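*Asks:* any chance you can model this:
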Amino acid sequence: MPGRHVNDQQVRLYMTARIIRAQATAAAMAGISVATGRRLEHDPRPPSSRKEARDYRTRPDPLAGLWDEEIMPMLAGAPALRPITILRELARRYPERIDNGVRRTLERRIRTWRATHGPEREVIFRQVHAPGRMGLSDFTDMNGLGVTIAGVALEHRLYHFALVYSGFEHGEVVLGGESYTALAAGLAAALTLLGGAPAEHRSDSLSAAFRNLRADDAEDVTRRFADLTAHYGMLPTRNNRGVAHENGSIESRHGHVKDRIDQALMLRGSCGFDTLDAYRGFIAGVIADHNRRHFDAIEIERAHLRGLPPTPSSTWEEASVRVTSSSGFSFRHAFYTVPSRLIGHRLHLRVHDDRIEAYLGAAHMLTLPRGRAPSKTAAHTTTHVIDYRHVIASLRAKPGALAGLTYRDALWPRTAYRRSWDALIALRPTREAARTMVGLLALAHDLGVEADLAAALDAILDDGQLPDLEKLRIQFTPEATTAPLVHVEMPNASVYDPLLAGMRQEIAA
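*Replies:* Below you'll find the predicted structure:
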């Protein structure tokens, strides 16, 4: 075509077609003119082989006197030096000569040097994956999405499982770090959803889970993970620490799943959710849409999965604690309250990622939300997981203890109660403020009006007034009523004689 250079591919196409086709037809197939075709038949060399290499420069070499004397010694001593690092060092040594104008020249020349004289580079060996052979697990940080729960930013990760062959994926919101419990629970949920297990399971080195563990504890986690994979009949493997591409089939999917979730949040129009369960359901829906698009491949792979064992796996950690006289126990930088009747007893804990189940012997006592200190808080800081119902009876007897209570700020069940305390302590004596707040908590507990009382307190505070315990007690205490008198007249026993006679006749028949 006029104004365009002929490339090597056009030459090859023309010469191949010219074997059996007319000159005009071959030229049309190659997208060239007939005149160009005639020239090619006189000289069939491709354009790339006609170009003669120049042995001269069109401009002075900006690195003359520097390449052999300065740059080569740097590269020989540290082959991994980046061009921009070398450029800055040269600019420091020769500020009157070196500027950003030589950056591209330096980058091209270093790239050529590394290709001809540099060290050998690592080779990535692409693998062929058979259905049912490998499943992958890893964690990815989700804080960049800006998700909030009830207006509070949610710090969380996503446990991410995938089958390499079919692309099946499963995700679980993880509130803590990369722990054994999070991985075990997520893996169990994924395999249950699949209805089978692959022959091999690959994860990273779980370095985050081991970071703060003693050697004995780290060995225990390793053993438990081996037991978990053996329970499902899978061969456990781990990629080498710091070599992300060995787990590349899951690493590359992290970006894709986060992008899909981000796009779905944009379509939703908000990153805010009322509850954590609502957000978990949203994540499950996004991943389910992905799996529907891979339905055929997933069904093929399901046929090659191992059957699941008849009993579920143990996906929790276990611990034992004693309930102190404070009606609670401490576990991993968190203090939890329990009913005061358990003081002095030793509880057996099943520790999950988002909750703790407490047992007294074999009897389940209660389930508590998992407490964790904020990520930016010092390691020695204690988080409090407090349920005022556990201690209200004792506080009612000792209301003065409220003012100096170590976990007072975690005691309030709703924001309205915190606001009430702040308002009372600012304008009333401490003793009176404490007595009023204990009375409000007792009222909420005894009558089961925690939410309604919180709404009433918000209204009172918004009007610039202070809560009046007696008025609120009258407002929320139901009026005393008497049960209506019901007169029950007992029938005479003789009225049942016809019925009994009929039954005897039916039996005789």
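
*Asks:* the spatially most central residue of the chain bridge partners, please.
*Replies:* Most central in the chain under CA atoms, centre = their mean is residue 158, positioned 1.6 Å from the mean C-alpha point. Note on residue 158: beta-bridge partners by DSSP bridges are residue 140, residue 173.

*Asks:* so who does it touch?
*Replies:* By CB atoms under 8 Å, 6 or more residues apart in numbering, residue 158 lies in contact with 139, 140, 142, 171, 172, 173, 174, 257, 258, 283. Glycine gets a C-beta too; all of them are placed from N, C-alpha and C.

*Asks:* neighbours of the last one, just the number please.
*Replies:* The burial metric for residue 283, expressed as a neighbour count using other CB atoms under 10 Å, is 18.

*Asks:* same thing with the third one?
*Replies:* Other residues lying near residue 142 total 22 when counted by other CB under 10 Å.

*Asks:* now swap in the second one and tell me
*Replies:* Around residue 140 there are 18 other residues, counting by other CB under 10 Å.

*Asks:* tell me which helix or strand residue 236 sits in.
*Replies:* strand 235-238 (DSSP states H and E).

*Asks:* sheet partners, orientation included, of that strand?
*Replies:* Sheet pairing of strand 235-238 (DSSP bridges) gives strand 200-203 (parallel).

*Asks:* count of residues packed around the residue lying closest to residue 345 once chain neighbours are set aside?
*Replies:* Of all residues not flanking residue 345 in the chain, residue 323 sits nearest, at 5.5 Å (CB to CB, 6 or more residues apart in numbering). Residue 323 has 23 neighbouring residues, counting by other CB under 10 Å.

*Asks:* so who does residue 323 touch?
*Replies:* 329, 338, 342, 343, 344, 345, 346, 347 are the contacts of residue 323 under CB under 8 Å, 6+ apart.

*Asks:* buried ones among these?
*Replies:* Using 16 or more other CB atoms under 10 Å as the burial test, these include 329, 338, 342, 347 as buried.

*Asks:* got the domain ranges for the chain?
*Replies:* 8-50, 67-117, 134-302, 317-385, 393-476 (automatic domain parsing).

*Asks:* got any ranges where the stretch 251-400 of the chain has weak pLDDT?
*Replies:* Within the stretch 251-400 of the chain, the ranges that satisfy pLDDT under 70 run 251, 374-380.

*Asks:* and of the contacts of residue 323, the nearest to residue 477?
*Replies:* Lowest distance from residue 477 to the contacts of residue 323 (CB to CB) belongs to residue 338, with 29.1 Å.

*Asks:* thinking the closest one is in contact with residue 327, fair?
*Replies:* Yes. Using CB atoms under 8 Å, residue 338 is in contact with residue 327, at 6.3 Å.

*Asks:* sort out which of the buried ones among the contacts of residue 323 are in strands and list them.
*Replies:* Counting by DSSP state E, the buried ones among the contacts of residue 323 place 329, 347 in strands.

*Asks:* coming back round to it: any residues in contact with both of residue 338 and residue 327?
*Replies:* Common neighbours of residue 338 and residue 327, using CB under 8 Å, 6+ apart, are residue 390.

*Asks:* hmm, back to that, how about the buried ones among the contacts of residue 323 in a markdown table, adding distance to residue 293?
*Replies:* Shown next, in a markdown table, are those (distance: CB to CB, whole Å):
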| residue | distance to residue 293 |
| --- | --- |
| 329 | 48 |
| 338 | 47 |
| 342 | 51 |
| 347 | 46 |
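
*Asks:* residues in contact with the residue lying closest to residue 461 once chain neighbours are set aside?
*Replies:* Using CB to CB, 6+ apart and skipping the chain neighbours, the partner closest in space to residue 461 is residue 419 (5.4 Å). Applying CB under 8 Å, 6+ apart to residue 419 gives the contacts 457, 458, 461.

*Asks:* just the CA trace of whichever helix or strand residue 419 is part of, in PDB.
*Replies:* Taking DSSP H and E as the criterion, residue 419 maps to helix 415-427. Coordinates of the C-alpha atoms in helix 415-427 are reproduced here as PDB (Å, rounded to 0.1, in the frame of the first residue of the first chain):
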ATOM      1  CA  THR A 415     -23.700   4.100  72.100                       C
ATOM      2  CA  ALA A 416     -26.600   5.700  73.900                       C
ATOM      3  CA  TYR A 417     -25.400   4.300  77.300                       C
ATOM      4  CA  ARG A 418     -21.900   5.700  76.700                       C
ATOM      5  CA  ARG A 419     -23.400   9.100  75.900                       C
ATOM      6  CA  SER A 420     -25.500   8.900  79.100                       C
ATOM      7  CA  TRP A 421     -22.400   8.200  81.200                       C
ATOM      8  CA  ASP A 422     -20.400  11.000  79.700                       C
ATOM      9  CA  ALA A 423     -23.300  13.400  80.300                       C
ATOM     10  CA  LEU A 424     -23.900  12.300  83.800                       C
ATOM     11  CA  ILE A 425     -20.200  12.200  84.900                       C
ATOM     12  CA  ALA A 426     -19.800  15.800  83.600                       C
ATOM     13  CA  LEU A 427     -22.700  17.300  85.500                       C
END
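
*Asks:* ok, now which ones touch residue 308?
*Replies:* So residue 308 contacts 191, 192, 195, 196, 197, 232 (CB under 8 Å, 6+ apart).

*Asks:* go ahead and build a PyMOL selection from the buried members of the residues you listed.
*Replies:* To isolate the buried ones among those in PyMOL, judged by 16+ other CB under 10 Å, type:
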select buried, resi 191+196+197+232
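
*Asks:* coming back round to it: now, among the contacts of residue 419, which is nearest to residue 135?
*Replies:* residue 458 (49.9 Å).

*Asks:* any chance you could map the strands in the stretch 201-350 of the chain?
*Replies:* Taking DSSP state E, counting those that start in this stretch, the strands of the stretch 201-350 of the chain run over residues 235-238, 272-273, 317-322, 328-330, 334-337, 346-351.

*Asks:* quick one: the ones you listed as CSV, columns for distance to residue 131 too.
*Replies:* What follows is the strands of the stretch 201-350 of the chain, written out as CSV (distance: least, CB to CB, whole Å):
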stretch, distance to residue 131
strand 235-238, 16
strand 272-273, 36
strand 317-322, 34
strand 328-330, 48
strand 334-337, 44
strand 346-351, 35
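
*Asks:* wait, which of those is closest to residue 35?
*Replies:* Per CB to CB, nearest to residue 35 of these: strand 235-238, 63.7 Å.

*Asks:* what about that closest one, distance to the chain center?
*Replies:* 22 Å (CA atoms, centre = their mean, to the nearest Å).

*Asks:* roughly how far does residue 276 sit from residue 58?
*Replies:* Distance, residue 276 to residue 58, using CB to CB, to the nearest Å: 66 Å.

*Asks:* apologies, that question was intended for residue 272.
*Replies:* Taking CB to CB, one finds residue 272 at 61 Å from residue 58.

*Asks:* these two: who's more crowded?
*Replies:* residue 272 (18 against 5).

*Asks:* grab the nearest non-local neighbour of that one.
*Replies:* Nearest one to residue 272, counting by CB to CB, 6+ apart, is residue 148 at 4.6 Å.

*Asks:* just the pLDDT at the one you found, thanks.
*Replies:* Residue 148 is assigned a predicted lDDT (pLDDT) of 93.

*Asks:* for residue 116, same thing?
*Replies:* Residue-level pLDDT assigned to residue 116 equals 88.

*Asks:* then it would be within a helix, right?
*Replies:* Yes. The assignment for residue 116 is a helix, going by DSSP: H, G, I helix; E, B strand; the rest coil.
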